[in-house]
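Novice: here is my input; please provide its structure:
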Amino acid sequence: MKENNTYYDHTEGNNLPESLRVNPFAVPKDYFENLESGLCSQIRLLNAAPSEKDSFSIPENYFDDLQSRIMTAVKLDQLKTDTEENGFTVPSNYFDQLQQQITASITADRWKDQLKDEGFAVPEDYFNTLEDSIFAGIATDRLKAEVKEDGYTVPSNYFDQLSADIHAKAFEKEQPKIVPIGGLKRRNWMRYAAAASVTLILGWGAYFGIQQEETATTDLHSELANVSDAEIINYLAATNSGDNMVYFTQYIYEPEESTGVGSQIDNEDIEEYLKYSL
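Specialist: Numbers count the residues shown, from 1 in each chain. Take a look at the predicted model:
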């Protein structure tokens, strides 16, 4: 095994060892070309360096909180590494509509500067009744959740025919009312016939009533005295037509001073008529 000689004897002339033939120092590339600018930069840094008064100082309790802050920074770096995305997404067509949105915001700000009042006012006692309104709304929502249907249904094709129905009712011509003229004459004729028949019946009853015995008339008078006018009217309403009833009531409530047809009929004649009709 060859041993390297570390002793350099007879090194004069060209007898230098191999280790001394290589330059141990190397100059960086373009060192001398950049030397001047490097020296100028160092001089500027020295001139701009702050004095001892302006030097940096360590904040109070810096080292006490240093460990927790380092751990927090490490956890944040781990979260950034584990999370591929930052959690925020840009809406579709955001940048396409950005200019319009910015212009609209600028216009709104200008209108706000020009308008002194915002145009909105709180109703009177709004905040006093706000709690009740909120509870009422909550109760309504609960009822809607429990009740599936509201109980009202719209007929089929309702809105399709709604416009046509409204138009038809709006332009519908009012039909003239037809008054039957012949009916009025017939009704008056029936009244006259009913009055004549009642007069005939009363006359017939009066004629045959006079022929009866006086004792029977007295007994009938005493019995009819206990009968009220209302009962007589009810009886006549049940046994005669409506026109006859109107005719009788007119003469029952006729004043004593009147000198019409009814004033010529005595109460005894009426009693006799009722006697034979019962």
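Novice: could you report the neighbour count for Glu272?
Specialist: Other residues near Glu272 come to 25 when the count uses other CB atoms under 10 Å. C-beta: built from backbone N, CA, C; applies to glycine.
Novice: show me the shaky parts of the stretch 51-200 of the chain.
Specialist: Within the stretch 51-200 of the chain, the stretches with pLDDT under 70 are 51-55, 83-87, 116-119, 148-151, 171-190.
Novice: try 50 this time
Specialist: The model of the stretch 51-200 of the chain has pLDDT under 50 over residues 183-184.
Novice: please enumerate the helices of it.
Specialist: Taking DSSP state H, counting those that start in this stretch as the criterion, the stretch 51-200 of the chain carries its helices at 66-82, 94-114, 130-146, 158-170, 181-210.
Novice: out of those helices, deepest packed?
Specialist: Of the helices of the stretch 51-200 of the chain, the one with the most neighbours on average (mean count of other CB atoms under 10 Å) is helix 181-210, at a mean of 13.
Novice: out of the helices of the stretch 51-200 of the chain, which is closest to Phe88?
Specialist: helix 94-114 (11.6 Å; CB to CB).
Novice: now the helices of the stretch 51-200 of the chain in TSV, with distance to Cys40?
Specialist: TSV is the format used below for these (distance: least, CB to CB, whole Å):
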stretch	distance to Cys40
helix 66-82	37
helix 94-114	46
helix 130-146	74
helix 158-170	87
helix 181-210	130
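Novice: looking at the ones you listed, spot the one closest to Glu36.
Specialist: Using CB to CB, those put helix 66-82 closest to Glu36, at 41.0 Å.
Novice: pull that closest one out as PDB, backbone CA atoms only.
Specialist: Coordinates of each C-alpha in helix 66-82 appear next as PDB, following Å, rounded to 0.1, in the frame of the first residue of the first chain:
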ATOM      1  CA  LEU A  66     -44.300  32.000  21.600                       C
ATOM      2  CA  GLN A  67     -45.000  28.300  22.000                       C
ATOM      3  CA  SER A  68     -48.800  28.600  21.600                       C
ATOM      4  CA  ARG A  69     -48.400  30.800  18.500                       C
ATOM      5  CA  ILE A  70     -46.000  28.400  16.900                       C
ATOM      6  CA  MET A  71     -48.400  25.500  17.500                       C
ATOM      7  CA  THR A  72     -51.300  27.500  16.000                       C
ATOM      8  CA  ALA A  73     -49.200  28.300  12.900                       C
ATOM      9  CA  VAL A  74     -48.300  24.600  12.600                       C
ATOM     10  CA  LYS A  75     -52.000  23.600  12.800                       C
ATOM     11  CA  LEU A  76     -52.900  26.200  10.200                       C
ATOM     12  CA  ASP A  77     -50.300  24.900   7.800                       C
ATOM     13  CA  GLN A  78     -51.600  21.300   8.300                       C
ATOM     14  CA  LEU A  79     -55.200  22.400   7.600                       C
ATOM     15  CA  LYS A  80     -54.000  24.200   4.400                       C
ATOM     16  CA  THR A  81     -52.200  21.100   3.400                       C
ATOM     17  CA  ASP A  82     -55.100  18.700   4.100                       C
END
